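In: give me coordinates for this.
(4 chains)
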Protein chains: 2
Amino acid sequence: MAMLAIGRLSKDSGVKIPTIRYYESIGLLPPPVRSEGNRRLYPPEAVRRLRFIRHARELGFEIDAIRRLADLAQDPEKPCCEADLLARRRLVEIEEKISRLAAQREELVRMIGDCAHGRIEECRVIDTLDDHAKCLHAKH
Amino acid sequence: MAMLAIGRLSKDSGVKIPTIRYYESIGLLPPPVRSEGNRRLYPPEAVRRLRFIRHARELGFEIDAIRRLADLAQDPEKPCCEADLLARRRLVEIEEKISRLAAQREELVRMIGDCAHGRIEECRVIDTLDDHAKCLHAKH
DNA sequence: CTTGCTTCTCCAGTGACTGGAGATTGTAGC
DNA sequence: GCTACAATCTCCAGTCACTGGAGAAGCAAG
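Out: So this is what the prediction gives:
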């Protein structure tokens, strides 16, 4: 089986070279064998592992969670409740983030809409920032 | 007028003491006068300025933007188009973030819903992470 | 043999804080 | 005045997940 240089692995997986090295340094990606000239040489499976990691990152999982997910993926016999739990946890996080952002959006829209585009003195944007009591929602 | 110690300012503004010192170090908050014993002594207006900053942070503005907003707030005669622009820019950012999160949410919900809670081998969560082609949307 | 590409290691920077160590200052009670 | 104890001081390191630069070495083609 043909081994891959880091540049090739990077292209095939969509993960940048420094990031691959970073993942190795934190133990997320196992250290590969080296060539005589000290270059990293990866087995073809590394592409799959890195794609897995990338995909999980794109869904916003933290490195620690990915470590666990990736370990689980190696072990087909285990029950999948932990994977499920991690996914649900991430989902809760996402929903919290969305509602926080939605509250921010609402207030910004109101600030911008109210603004008469005159001088700072009567600017709703500055005015609202200046006095939190002028927000409809104190939730953010 | 009574000057405030940093602990008092912190309580009145809702900004933690180390954060206040940090804001000073990056030039967001002007360095206050010092007591004989080298303690920071703030004028009462500092409370308002810090609340302004906190409110803007809660709306997700970056420090650089807040610097500009806070400077504008000092100058009632200026036109408010810059404040308006900064707010609109932040709004666009928020909307982008929300749509990215919504896409993540959608995929996670699908992964979790499809999962039969059996072994990893047939786990939809792991399976989907493993093969991005199994996502409906490649958008995240 | 030279040119240019890839890779190597090490280190510093990002943003916005947060917290700890160890020293000093201020204050309240006795 | 003395003793606790609280508040504050400075400096530095850590957070998270990378990202990029410097300078050196290896490698492939012409």
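In: ok, A:L69 - contacts?
Out: By CB atoms under 8 Å, 6 or more residues apart in numbering or on different chains, the residues touching A:L69 are A:52, A:56, A:61, A:83, A:86, B:125-126, B:129. For the C-beta atoms, the positions are set from N, CA and C on the backbone; glycine is no exception.
In: immediately after the helix or strand containing A:R68, which helix or strand?
Out: For A:R68, the host element (DSSP states H and E) is helix A:63-73. Proceeding N to C from helix A:63-73, the next assigned helix or strand is helix A:81-114, under DSSP H and E.
In: ok, that following helix near DNA strand C or not?
Out: No - legend: contact between helix A:81-114 and DNA strand C by CB under 7 Å from any atom of the strand is lacking; minimum distance shown is 14.1 Å.
In: and the contacts of A:L69, which is closest to DNA strand D?
Out: Set against DNA strand D, the nearest of those by CB to the nearest atom of the strand is A:F61 (7.7 Å).
In: do I have it right that that closest one meets A:R90?
Out: Yes - using CB atoms under 8 Å, A:F61 makes contact with A:R90 at a distance of 5.8 Å.
In: so where is chain A shaky, pLDDT-wise?
Out: Residue ranges of chain A with pLDDT under 70: A:1, A:114-116, A:132-140.
In: let's see 80
Out: Scanning chain A for pLDDT under 80 picks out A:1, A:114-122, A:131-140.
In: which helix or which strand is home to the residue of it found nearest DNA strand D?
Out: Closest approach between chain A and DNA strand D, counting by CB to the nearest atom of the strand: A:G37, at 2.1 Å. Using DSSP H and E, A:G37 sits in no helix or strand.
In: and it, how far is that from A:C80?
Out: 42 Å (CB to CB, to the nearest Å).
In: ok, A:K11 next?
Out: Distance from A:K11 to A:C80, counting by CB to CB: 32 Å.
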